[in-house]
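Colleague: got a structure for you, letters missing:
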């Protein structure tokens, strides 16, 4: 067998065909600089309201999910109960139903924005619950389809876990980390269920069928998410955010930087990602050396507090900027957002969650 | 004689190095179109910040570093979406037809093993092997010291060999 070094060299030679030396370069489109700077006044004006909304977000997050799920149940009961009532009672029931529908619709719209255009960590966490709701619906449909073919699988969706989803590099939810003392640095490794080959075939067919109705929602969502993420990356690389890096580095130094559990220091903290990697290194390092659960919990508690303390100023800067940019972005992509709202309502709004 | 405009200088740099940068971005991202986007964004960033460069000679290291940063962001975005995907039934990191076409059949396991390395190890190997950069330029592109480039490369090769053996 060739050495890793030789195999890498061979792969690199092969990679020339990805872009041959005589290949046609796509045209380079340079930006109109005047247009690029025009929006700064709008952001500055909007950021005044952004500050208050950062702290309101967790409350709104919890309320929105509760409304989507509870609203769906209310709708279900209202629909079945109203039939036997008198005319006046029916009118009242219809009014209640319409009000519950409006409330549920608003909550679902908030979930859609949080899922695909999140401006803060709490919004990002909230948005993850939309994806979780979709998965729950898909799993339920898959289970029914499998049962029709004589196979039984559990329709119990695993509990919602932010540990699988949290993004501490670009969308850290500092209030949650401070509250739970869990840093959640690395994604957990998951294993898929395995079935005998015939059952697996049925499962694949059922699963594809169950996912089909949600595909349009997820694809449209990802397109919007991709555009929004460019805005987020631009903000997080901006001069205002970069100006907060020295304070982040000073804070890290107070907690021992450049002490590094992996034994090699990679240089000064030049980005938020460097800081995140350094903090996560303590947990990953201990985890890979087989530290006990209680040791890992103690490390998590300590380093989550360090992370929140040092990250708060810089995250505050970019969250304010992202909150200021969010309404403009939603306005510019209003038709895409409306389409997502409609799809989410059709798929998730009319049935108990 | 007139000085070439910033747009001309950036376009010239793109003509000379755009192809190489698209190639390494494609290896990192597993997609030619995503690679073209990353390189396009990096050159737009260079165009915006040209006046902040102390020396135009620094433009190439700057744009290389910008491409690496954009690839990192894109990979984080992909990882985020994968983490959000159905964790019970959909295989994570499944190879798309476009990803499969980045390298020939016999090299795909190398690419797959490369993708599973930690960010820094993967980047150092891609810059060294796929772009043939010397250590000082790798250090400049990644914003780390030459010593760290050396130690990371040796750890990365060892990790890659282990992963290739595991397959």
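Modeller: On my side now, so go ahead. This one's a predicted model, so the numbers in the text were calculated from it and none came from an experiment. Numbering: from 1, shown residues only, chains lettered A, B, ... in the order given.

Colleague: need the next SSE after the helix or strand where residue B:38 lies, C-terminal direction.
Modeller: Secondary structure from DSSP states H and E places residue B:38 in helix B:32-49. Moving toward the C-terminus from helix B:32-49, the next helix or strand (DSSP H and E) is helix B:59-84.

Colleague: Give the other helices and strands that that next one contacts.
Modeller: Secondary-structure packing of helix B:59-84 (3 or more Cβ pairs under 8 Å, 6 or more residues apart in numbering or on different chains; DSSP states H and E): helix A:197-236, helix B:6-29, helix B:32-49, helix B:119-125, helix B:135-142. For the C-beta atoms, the positions are set from N, CA and C on the backbone; glycine is no exception.

Colleague: and residue A:119, which of the three is it?
Modeller: coil (DSSP: H, G, I helix; E, B strand; the rest coil).

Colleague: so how many other residues sit close to residue B:140?
Modeller: Counted with other Cβ atoms under 10 Å in any protein chain shown, the neighbours of residue B:140 add up to 18.

Colleague: And residue A:120, by the same measure?
Modeller: 30.

Colleague: what does residue A:220 give?
Modeller: Residues near residue A:220, counting by other Cβ under 10 Å, number 17.

Colleague: quick one: low-confidence parts of chain B?
Modeller: Chain B contains residues with pLDDT under 70 at B:1-3, B:78-105, B:166-167.

Colleague: Roughly how far does the closest residue in space to residue B:61 that isn't next to it in sequence sit from residue B:133?
Modeller: Closest residue to residue B:61 apart from its sequence neighbours, by Cβ to Cβ, 6 or more residues apart in numbering or on different chains: residue B:140 at 4.4 Å. Residue B:140 is 9 Å from residue B:133, where distance means Cβ to Cβ, to the nearest Å.

Colleague: same thing with residue B:19?
Modeller: According to Cβ to Cβ, residue B:19 and residue B:133 sit 15 Å apart.

Colleague: More neighbours: which of the two?
Modeller: residue B:133 (22 against 19).

Colleague: what's the nearest residue to that one if we skip its chain neighbours?
Modeller: That would be residue B:127: by Cβ to Cβ, 6+ apart, it lies 4.9 Å from residue B:133.

Colleague: For that neighbour, which residues are in contact?
Modeller: By Cβ atoms under 8 Å, 6 or more residues apart in numbering or on different chains, the contact set of residue B:127 is B:24, B:64, B:68, B:133, B:137, B:138, B:141, B:142.

Colleague: Looking at those, which is nearest chain A?
Modeller: Chain A lies nearest to residue B:24 out of the contacts of residue B:127, by Cβ to the nearest Cβ, at 8.2 Å.

Colleague: Could you pull up phi and psi at residue B:53?
Modeller: phi -70, psi 130 (degrees, to the nearest 10).

Colleague: do residue A:181 as well
Modeller: Dihedral angles for residue A:181 - degrees, to the nearest 10 - are phi 60, psi 30.

Colleague: Packing partners of the helix holding residue B:38?
Modeller: Helix B:32-49 sits against helix A:33-37, helix B:6-29, helix B:59-84, with contacts defined as 3+ Cβ pairs under 8 Å, 6+ apart.

Colleague: Which among those is found nearest to residue A:150?
Modeller: Closest approach to residue A:150 among those (Cβ to Cβ): helix B:59-84, 31.9 Å.

Colleague: which residues in the stretch 251-353 of chain A form helices?
Modeller: For the stretch 251-353 of chain A, helices defined by DSSP state H, counting those that start in this stretch occupy the ranges A:272-288, A:293-332, A:334-348.

Colleague: closest one to chain B among the ones you listed?
Modeller: Chain B lies closest to helix A:272-288 among these, at 7.5 Å (Cβ to the nearest Cβ).

Colleague: Which positions within the closest one qualify as buried?
Modeller: Residues A:272-284, A:286 are the ones in helix A:272-288 that count as buried (16 or more other Cβ atoms under 10 Å in any protein chain shown).

Colleague: Among those, name the least confidently predicted one.
Modeller: Lowest pLDDT within the buried residues of helix A:272-288 is found at residue A:284 (63).
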